[in-house]
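[1] Attaching a predicted model along with its sequence, questions to come.
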Amino acid sequence: MEYGGKAKLPGKEAYMPHAVVTGAAGFIGSHVTQRLLRAGYSVTMIDNLSNGRQENIDTILQRAPKDAVCTFHLCDLAAQQTDTLASVITGADCVFHLAALADIVPSINDPLTYHRSNVEGTVRLLEAVRTAGGVRKIIYAASSSCYGLANTYPTPETAPIQPQYPYALTKRVAEEYVFHWSQVYDIPAVSLRFFNVYGPRARTGGTYGAVFGVFLAQKLAGQPLTIVGDGTQTRDFVFVTDVAEACLLAAESEVSGAVFNVGAGDPQSVNRLCELIGGPTTNIPKRPGEPNCTWADITKIKRELGWKPVVSFEEGVAIMMANAVAWKAAPVWTPDSIAKATKDWFTYLDKTPAKQHA
Ligand SMILES: NC(=O)c1ccc[n+]([C@@H]2O[C@H](COP(=O)([O-])OP(=O)(O)OC[C@H]3O[C@@H](n4cnc5c(N)ncnc54)[C@H](O)[C@@H]3O)[C@@H](O)[C@H]2O)c1
């Protein structure tokens, strides 16, 4: 395998499109990178490895097609000079921007760090894209968390924007920046609002977060699965390879200036997830600011990009279970440790009158 730059496939006339993927060492970014390499793109991966893993980069390189061209740049987007970052981007046809701090809980404790990575990092990337020139499309990884406690189900892209916590706000503000740069500087852009993405390589360590990782580590340790509330709440779980496909389709379409929901459009309850994983369960307090349901209206992406999810929830959970060993060394959350980790959540997000006047 070659390391570096843009190239044509040896012995082939065809032009090899070039992509930059930020956040490539992370969960979704690593799958997007693999999908692009399979589609014949050369890829420059960018990540600061704050939450991403070198192991994911190694897997991408090991599994890349024989003629693939793939490079990795270790860099913090929020700390880069425009010219330095522009030199990494120069020659790219598409930029897939997935780098972000992506957990809810730490964003409540430390909003400034989230602003720096997710908003400032995005603006610096956009300036570098403008300076580099020639980028045909930016694909921005937005979040369905912008809908907050939605009042329409399934939720369309036109639903009111009402972020409930700093992570959601930073993702939304950065989406605005992407479209502003697109409009002012004529850089075509598409924003994909991901719902609850799951799949292999979802993060196993760090802070209390995505339900799959929490449950799989508990299952392996023989501990009860901690169901928030009564478990009847539903989530639009979408499998990561379907999300990677949506990114590719968005890049290759003629569409620009558009937002698309990326979800399965088939919400599943937390109780159903527990049933599929199996084992004992315990209930912990419901949290303020968390919706009872997330449910993507995917009419628009189906119609305009021809995308549809292909991995069923049952298939996806089976794949997760087959890969559960990845969670062997992950923290095993208990009701007590979750209560400690989410203390600020309850302190800041509970807006009930009794709490406010306490
Ligand atoms: N996982 C989901 O369900 C979900 C849902 C909605 C949106 N998203 C968005 O999708 C994207 C990818 O999420 P993920 O779940 O793969 O998270 P992840 O943490 O696995 O990946 C994010 C990557 O970005 C890197 N990164 C963070 N700040 C950076 C910076 N300043 N400079 C360079 N690299 C930086 C991290 O090291 C990490 O590898 C994020 O933008 C996230 O907001 C994810």
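    Arrived safely. Numbers count the residues shown, from 1 in each chain.
[2] and the lengthiest helix in the chain, what does it pack onto?
    Longest helix in the chain, counting residues (DSSP state H): helix 166-185. Judged by 3 or more C-beta pairs under 8 Å, 6 or more residues apart in numbering; DSSP states H and E, helix 166-185 is in contact with helix 105-109, helix 111-114, helix 121-132, strand 137-143, strand 189-194. From N, CA and C alone the C-beta is placed, and that goes for glycine too.
[3] ok, which stretches of the stretch 201-350 of the chain are helices?
    With helices called from DSSP state H, counting those that start in this stretch, the stretch 201-350 of the chain shows them at 211-220, 240-252, 270-277, 299-305, 313-322, 335-341, 343-349.
[4] Buried residues, the fourth one. List them.
    The neighbour-count check on helix 299-305 (16 or more other C-beta atoms under 10 Å) flags 300-301, 304-305 as buried.
[5] quick check, nearest of the residues you listed to the ligand?
    Checking the buried residues of helix 299-305 against the ligand by C-beta to the nearest ligand atom gives Ile301 as the nearest, at 14.5 Å.
[6] Who are the contact partners of the closest one?
    When contacts are counted by C-beta atoms under 8 Å, 6 or more residues apart in numbering, Ile301 touches 246, 260-262, 307.
[7] which of the residues you listed count as buried?
    For these, a neighbour count by 16+ other C-beta under 10 Å gives the buried set as 246, 260-262, 307.
[8] Output those in a markdown table, with distance to the ligand and pLDDT appended to each entry.
    Putting these into a markdown table (distance: C-beta to the nearest ligand atom, whole Å; pLDDT from 0 to 100) gives the following:
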| residue | distance to the ligand | pLDDT |
| --- | --- | --- |
| Ala246 | 12 | 98 |
| Phe260 | 13 | 98 |
| Asn261 | 11 | 98 |
| Val262 | 8 | 98 |
| Trp307 | 16 | 98 |
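[9] Now tell me which of the helices and strands packed on helix 166-185 the model trusts least on average.
    In terms of average pLDDT, helix 105-109 trails the rest of the helices and strands packed on helix 166-185, at a mean of 91.
[10] How far off centre is that helix?
    Relative to its chain's centre, helix 105-109 lies at 17 Å (C-alpha atoms, centre = their mean, to the nearest Å).
[11] now stretch 64-80
    For stretch 64-80, the distance to the chain centre is 18 Å (C-alpha atoms, centre = their mean).
[12] Is the ligand within reach of that stretch?
    Yes: for stretch 64-80 and the ligand, the contact criterion (C-beta under 6 Å from any ligand atom) is met by 76-78.
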